[in-house]
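Asker: missing the sequence, but the structure's below:
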């Protein structure tokens, strides 16, 4: 069937001159060389159709041709297995623009699952990335990993077992992450050092932390801003943190729902948050010392509104957390704020579940200086919501 | 007698007949020739004797690739020159071919004997930019074939200490060539910078393992520049890491000193800083140089083995830092 398709496409190509071809690659011996060669020989506009079955790969794959669609037969039908991987930093690396990845799975890559770098207008649709042995520190860091890209669409993606973040978007601009599911990762979904993102209609559960919006110093793109997190289910993030030490997510307490760090103009609304043992929402400054005059460690212009809160704060996973919970009648308030910045940071929380502030003076203040007390952040002026992220129409069309 | 003279004349004729020159039409064209011999860069079937105009060169500090011996050649089209202003890459004219063959002597205690060439990589400067082509040698064929998708081959040798080594040698695919050879997404040569051309007028880069050529600091920086700086620079494949290891870099944090990892994942090795001054054992940089595990090992390619001798230099460099 695949061969017939391929032939039909070739005939179509020869009759019209420059029409797109479909290059079909079936499972079997030498899968590495055949699949990699197809990804190299593809021309802009082509489809690389990966057949049904398991592809046992020995090295990372990569695509550097623009306007190529890589598609399989489904997230359980076409499986790229990197269990025997001997080299490279990720399963699949994309470095070209206007690429569509859809309908296949990547399993057990030694590093990241799928990375796209400097790949503008990339579409991830109906993709599964999984480490099949469950959460382990030896799993790769990120499941899907677009970085340094403009216009990123992640739609209907499932990631399990990443030792850093399941869905991670870094140093990018105009991002939509939707209809996706992240389970049993350290961070479910993480938007880092990025501008203009809509994260909505996702399910982040059984991770250490559900959805993270972070900004870190000493990077080419800093100053994360204009992020909306809405209509997500963020629940039961109860996997003990298994990130290798040294990584920022290794500091995320188990049972964190949505965590905002060192960003501005972030709106968190209409989410269903429950079963998060430390907090449903955590608002913190970047705590480490740093040398970077251009970096702002505090959260500014944050809105938390209209979220549904279930049980939270019942087993806070940080030093002294247990005693603090006991002192507060058994559990912490569902929204946790380090208290850094005072009024000029403009943090507005209108969810009626209560905010616990640690009242720390500075980002680097040790937790031992905390003076925990409930805080009312419902007042203050309105903070304008970032505009919806609108991606080029061709990206939406690619998944219809 | 006459007969013998005739033979001698015939032999002389054969020996002195100039081989056909390098196939400049293929160099300049836009095809991807399937066989290395198509270019006529070598005059023998083992890729050891360069044709006229294909000049060997060496580098002060080379890129480590699993202890492979490298044989480098430069071809410039007749009547052209590569102009060099500073200490960086010369301005190579269209038609330039940079040739790099990778091979292993059977016994590294006698590196000049029994060298078998595994692959020959070409970087060709065409009108629209550089093209990277990997050719893999096939002894039966007496030629090397284009393998755009890369290849793995078993390789064994006796190392300089007399130990027998064997690895799965990875010939990079065409995209992997570009992963190292890319600046802002365009292919570029890495090695033949004026500062690194052995014997060149502007060869300021020291020899990494020769203390007579430079201080420990300069030799360590030279090694990091050549082995890491092609990705770890603001326009390279590792730009998003913020870790920049080029010769020109002067910012201590960008060089990794006291810098926390960003997207290292388990590549952090449970350590907090890329370089912890005074403490190589607490530095992610050396941790990743000392492992061969895929996903952790740095550089990502050509690292089925650990470069033990370089580890000593880098560890001493970090140990001397405060």
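Answerer: Nice, thanks for sending it over. All of these numbers come straight from a predicted model, not from anything done at the bench. Numbering: from 1, shown residues only, chains lettered A, B, ... in the order given.
Asker: Is residue B:288 in a helix, a strand, or coil?
Answerer: Classification of residue B:288 using DSSP: H, G, I helix; E, B strand; the rest coil returns helix.
Asker: Name the residue of chain B with the shortest distance to chain A.
Answerer: Chain B approaches chain A most closely through residue B:265 (2.3 Å), counting by Cβ to the nearest Cβ. Where you see a C-beta, it was placed from the backbone N, CA and C, and this is true even at glycine.
Asker: does that residue really touch residue A:143, like I thought?
Answerer: No. Applying Cβ atoms under 8 Å, one finds residue B:265 not in contact with residue A:143, separated by 11.1 Å.
Asker: these two touch, right, residue B:126 and residue B:28?
Answerer: Yes. Under the criterion of Cβ under 8 Å, residue B:126 makes contact with residue B:28 at 6.6 Å.
Asker: hey, where'd the helices end up in the stretch 1-150 of chain A?
Answerer: Assigned by DSSP state H, counting those that start in this stretch, the helices in the stretch 1-150 of chain A fall at A:2-16, A:31-41.
Asker: related to what we said a few turns ago, leaving out chain neighbours, which residue sits closest to the residue of chain B closest to chain A?
Answerer: Nearest non-adjacent residue to residue B:265, counting by Cβ to Cβ, 6 or more residues apart in numbering or on different chains: residue A:141, 2.3 Å away.
Asker: neighbours around that neighbour, how many?
Answerer: 31 (other Cβ atoms under 10 Å in any protein chain shown).
Asker: For the strand ranked longest in chain A, name the packing helices and strands.
Answerer: The longest strand of chain A (DSSP state E) is strand A:150-160. Counting contacts by 3 or more Cβ pairs under 8 Å, 6 or more residues apart in numbering or on different chains; DSSP states H and E, strand A:150-160 is packed against strand A:122-130, strand A:144-147, strand A:165-170, strand A:173-178, strand A:181-183, helix A:393-397.
Asker: Residue A:53 contacts residue A:25, doesn't it?
Answerer: No. Checked against Cβ under 8 Å, the pair residue A:53 and residue A:25 is beyond contact range at 10.6 Å.
Asker: Compare these two and say which is more crowded by neighbours.
Answerer: More crowded of residue A:53 and residue A:25, by other Cβ under 10 Å: residue A:25, with 22 against 15.
Asker: re the thing from before, what residues are shared contacts of residue B:126 and residue B:28?
Answerer: residue B:94 (Cβ atoms under 8 Å, 6 or more residues apart in numbering or on different chains).
Asker: How about the residues of the stretch 1-150 of chain A by chain B?
Answerer: Contact residues (Cβ under 8 Å from any Cβ of the partner chain) of the stretch 1-150 of chain A with chain B: A:32-34, A:36-37, A:39-41, A:58-59, A:62-64, A:85-90, A:93, A:95, A:109-112, A:117-118, A:137-142, A:145, A:147-148.
Asker: Please check these and keep the buried ones.
Answerer: A:32-34, A:36-37, A:39-41, A:58-59, A:62-64, A:85-90, A:93, A:95, A:109-112, A:117-118, A:139-142, A:145, A:147-148 (16 or more other Cβ atoms under 10 Å in any protein chain shown).
Asker: Looking at the stretch 151-300 of chain A, what residue ends up closest to chain B?
Answerer: Residue nearest to chain B within the stretch 151-300 of chain A (Cβ to the nearest Cβ): residue A:246, separated by 3.3 Å.
Asker: how about that residue, what does it touch?
Answerer: With Cβ under 8 Å, 6+ apart, residue A:246 has these contacts: B:260-261, B:264, B:268-273, B:284.
Asker: Contacts only, for the one residue in the stretch 51-200 of chain A that gets nearest to chain B.
Answerer: Residue nearest to chain B within the stretch 51-200 of chain A (Cβ to the nearest Cβ): residue A:141, separated by 2.3 Å. Neighbour list for residue A:141: A:111-112, A:162-165, A:168, A:247, B:263-267 [criterion: Cβ under 8 Å, 6+ apart].
Asker: Present the residues you listed as JSON lines; the columns should include distance to residue A:213 and pLDDT.
Answerer: Below are those laid out as JSON lines (distance: Cβ to Cβ, whole Å; pLDDT from 0 to 100):
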{"residue": "A:111", "distance to residue A:213": "24", "pLDDT": "91"}
{"residue": "A:112", "distance to residue A:213": "20", "pLDDT": "95"}
{"residue": "A:162", "distance to residue A:213": "17", "pLDDT": "97"}
{"residue": "A:163", "distance to residue A:213": "20", "pLDDT": "95"}
{"residue": "A:164", "distance to residue A:213": "15", "pLDDT": "95"}
{"residue": "A:165", "distance to residue A:213": "12", "pLDDT": "97"}
{"residue": "A:168", "distance to residue A:213": "12", "pLDDT": "98"}
{"residue": "A:247", "distance to residue A:213": "17", "pLDDT": "87"}
{"residue": "B:263", "distance to residue A:213": "16", "pLDDT": "82"}
{"residue": "B:264", "distance to residue A:213": "20", "pLDDT": "82"}
{"residue": "B:265", "distance to residue A:213": "19", "pLDDT": "82"}
{"residue": "B:266", "distance to residue A:213": "23", "pLDDT": "84"}
{"residue": "B:267", "distance to residue A:213": "23", "pLDDT": "86"}
